[in-house]
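Engineer: coords please:
(one chain, ligands or ions: 1)
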Amino acid sequence: MTSLPLHTRYVTGLQAVTPGASAYLQPDGHYGLNNAGVFWTPQGAVLVDTAFDVPRARHIAQAVLHSGRDHSQIAALILTHDHGDHSFGACAIPTPRVIMSSTAATALREAAAGTRVRYGSLHGAGREMMETLLADKFDFTEVKYRAPTETFQGEARFGFGATTLRVIEFQNLHTASDSIVVDEEQHVAVMGDLMFADSHIPMFMPRSRHWSAAMDQVLAMDLEHFIPGHGRLCSRDDVRAHRDYLLWIYDEAERRFRRGMPVSAAADDLVMHLGPYAHYQRADVLINSLDTLYREISPDHPRSSFNEHLAQRWHFRMRWRGKLPGLTDPLPLNTRLGGFRTLSEMNMLGAGTE
Ligand SMILES: [Zn+2]
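Structural biologist: Next up is the predicted model:
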């Protein structure tokens with residue numbers, strides 16, 4: 001069993017994982033800075049996921065097209081889920097085929113129609129948080145909705161000459177539908193947002209038990225290299241650590257729920273008892289995960305809205321900024337309005353479909 005190739009470093013751009021697979025990494029992996037995967041097949045490159053905006057998606061496409069490999073045209077794009085950082089750039093990828101689960105495709109179409117309403121209605125601390133997350137890192141002006149050309153349900157295999165890619169869908173873990181893309185011969189899996197590296201992972205579906213079981217299912221496969229949705233490249237040990245994290249955080253949430261601690265007090269208490277996870281980035285998403293886990297433990301626990309989840313994170317950040325990894329002071333207002341403005345004005349269906 002080999003570990004990660006020694007030459008892989010966590011820097012922006014295309015990096016070989018195995019002879020037949022690469023990753024396009026976007027450090028530091030925080031909000032909107034996701035990874036993509038590439039499988040080099042006899043029929044061309046198969047790209048898994050794109051980027052949040054068109055300039056970043058073009059960088060990915062150019063890196064693939066100018067990789068110097070034979071068959072470097074892009075034969076197909078597979079999208080792991082509907083979240084914008086993975087899917088919005090699809091309109092800028094020169095490929096005739098876009099593949100997605102039918103559930104994720106429905107979610108993407110609804111997101112495309114509703115982005116303006118969803119972001120434009122953010123207010124108060126929720127809006128402050130989204131402006132800070134987007135800062136001026138992204139330019140959404142050219143994003144257009146692109147419908148998938150092929151959909152599947154559950155599991156599917158796609159042949160590209162001698163290469164077969166296995167796509168496996170998991171429902172209601174990170175989103176309504178998240179797929180992983182596996183090349184069994186290369187022992188590589190692109191995990192989408194079912195896995196982050198060195199980071200707390202936000203949980204919005206009260207199904208952590210199913211999520212850890214899904215990671216056991218992944219570990220049962222003969223795989224060695226894992227491209228997470230955000231963060232550095234991962235090994236089997238990292239998948240195990242992620243499975244254990246999901247079990248750990250449920251137990252931590254349950255203990256605090258039974259003691260009657262409100263979510264915000266539970267989050268403040270938990271960050272002082274992170275143990276092996278003290279170095280993890282994005283500690284502010286813990287408060288969202290605890291809120292969701294309370295609902296998993298007790299279905300009577302109220303469901304928070306998108307704005308409420310963002311506001312929870314904002315207030316948590318204000319309490320803990322400078323004291324936890326990655327939680328810096330909020331950016332000045334003039335450096336964090338551009339991305340929010342274009343995102344809250346965007347209506348991808350209105351901008352044109354193809
Ligand atoms: Zn996501």
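Engineer: use CA for all of it now, contacts and neighbours both
Structural biologist: Noted.
Engineer: surely residue 48 touches residue 38?
Structural biologist: Yes - Residue 48 is within contact range of residue 38, at 6.1 Å (criterion: Cα atoms under 8 Å).
Engineer: the strands in the protein, which residues?
Structural biologist: For the chain, applying DSSP state E gives strands covering 13-18, 21-25, 36-41, 44-48, 74-78, 98-101, 150-152, 155-160, 163-171, 177-183, 188-196, 225-230.
Engineer: now tabulate those strands in CSV and tack on mean pLDDT and mean neighbour count.
Structural biologist: CSV is the format used below for the strands of the chain (pLDDT from 0 to 100; neighbours: other Cα atoms under 10 Å):
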stretch, mean pLDDT, mean neighbour count
strand 13-18, 96, 19
strand 21-25, 97, 26
strand 36-41, 98, 26
strand 44-48, 98, 25
strand 74-78, 98, 23
strand 98-101, 98, 24
strand 150-152, 98, 15
strand 155-160, 98, 14
strand 163-171, 98, 19
strand 177-183, 98, 24
strand 188-196, 98, 26
strand 225-230, 98, 28
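Engineer: and the ones you listed: which comes nearest the ion?
Structural biologist: Closest of the strands of the chain to the ion is strand 188-196, at 5.0 Å (criterion: Cα to the ion).
Engineer: any residues touching that closest one, and which ones?
Structural biologist: Strand 188-196 is contacted by residues 21, 35-37, 48-49, 80-81, 173-174, 178-183, 201, 223-231, 239, 242 when judged by Cα atoms under 8 Å, 6 or more residues apart in numbering.
Engineer: near the ion, which residues of the stretch 1-150 of the chain? Just list them.
Structural biologist: Within reach of the ion by Cα under 5 Å from the ion, the stretch 1-150 of the chain has these residues: residue 83.
Engineer: count of residues packed around the residue lying closest to residue 40 once chain neighbours are set aside?
Structural biologist: Nearest non-adjacent residue to residue 40, counting by Cα to Cα, 6 or more residues apart in numbering: residue 20, 5.1 Å away. Residue 20: 17 surrounding residues under other Cα atoms under 10 Å.
Engineer: residue 42 is in contact with residue 20, correct?
Structural biologist: No - assessed by Cα under 8 Å, residue 20 is found out of contact with residue 42, at 10.1 Å.
Engineer: just give me the neighbour total for the closest residue to the ion within the stretch 251-354 of the chain.
Structural biologist: Among all residues of the stretch 251-354 of the chain, residue 285 sits closest to the ion, at 13.0 Å; criterion: Cα to the ion. Summarising burial for residue 285: neighbours were counted as other Cα under 10 Å, giving 23.
Engineer: what of residue 221?
Structural biologist: 12.
Engineer: residues contacting residue 156?
Structural biologist: When the contact criterion is Cα under 8 Å, 6+ apart, the partners of residue 156 are 166, 167, 168.
Engineer: now do residue 202
Structural biologist: Residues in contact with residue 202 (Cα under 8 Å, 6+ apart) are 174, 285, 286, 288, 289.
Engineer: report the separation between the residue in the stretch 1-150 of the chain that the ion sits nearest to and residue 330.
Structural biologist: In the stretch 1-150 of the chain, the residue that lies nearest the ion is residue 83 (4.8 Å; Cα to the ion). Applying Cα to Cα, to the nearest Å, the value for residue 83 to residue 330 is 24 Å.
Engineer: more neighbours, these two?
Structural biologist: Taking neighbours as other Cα under 10 Å, residue 83 and residue 330 compare with residue 83 leading, 20 against 17.
Engineer: find the nearest non-adjacent residue to that one, please.
Structural biologist: Residue 83 sits nearest to residue 108 (Cα to Cα, 6+ apart), 7.5 Å away.
Engineer: read off the pLDDT value for the one you found.
Structural biologist: pLDDT for residue 108: 95.
Engineer: re earlier: so which of the strands of the chain gets nearest residue 269?
Structural biologist: Across those, residue 269 has its closest neighbour in strand 188-196 (23.1 Å, Cα to Cα).
Engineer: and the closest one, how far out from the chain's middle?
Structural biologist: With Cα atoms, centre = their mean, to the nearest Å as the basis, strand 188-196 stands 8 Å off its chain's centre.
Engineer: one more: stretch 135-144?
Structural biologist: Offset of stretch 135-144 from its chain centre (Cα atoms, centre = their mean): 17 Å.
Engineer: likewise stretch 128-145?
Structural biologist: Centroid separation for stretch 128-145 versus its chain: 16 Å, with Cα atoms, centre = their mean.
Engineer: same question for stretch 235-255.
Structural biologist: Distance of stretch 235-255 from its chain centroid, counting by Cα atoms, centre = their mean, is 18 Å.
Engineer: can you point out the buried residues in that stretch?
Structural biologist: 235-236, 238-243, 245-247, 249-250, 252-254 (16 or more other Cα atoms under 10 Å).
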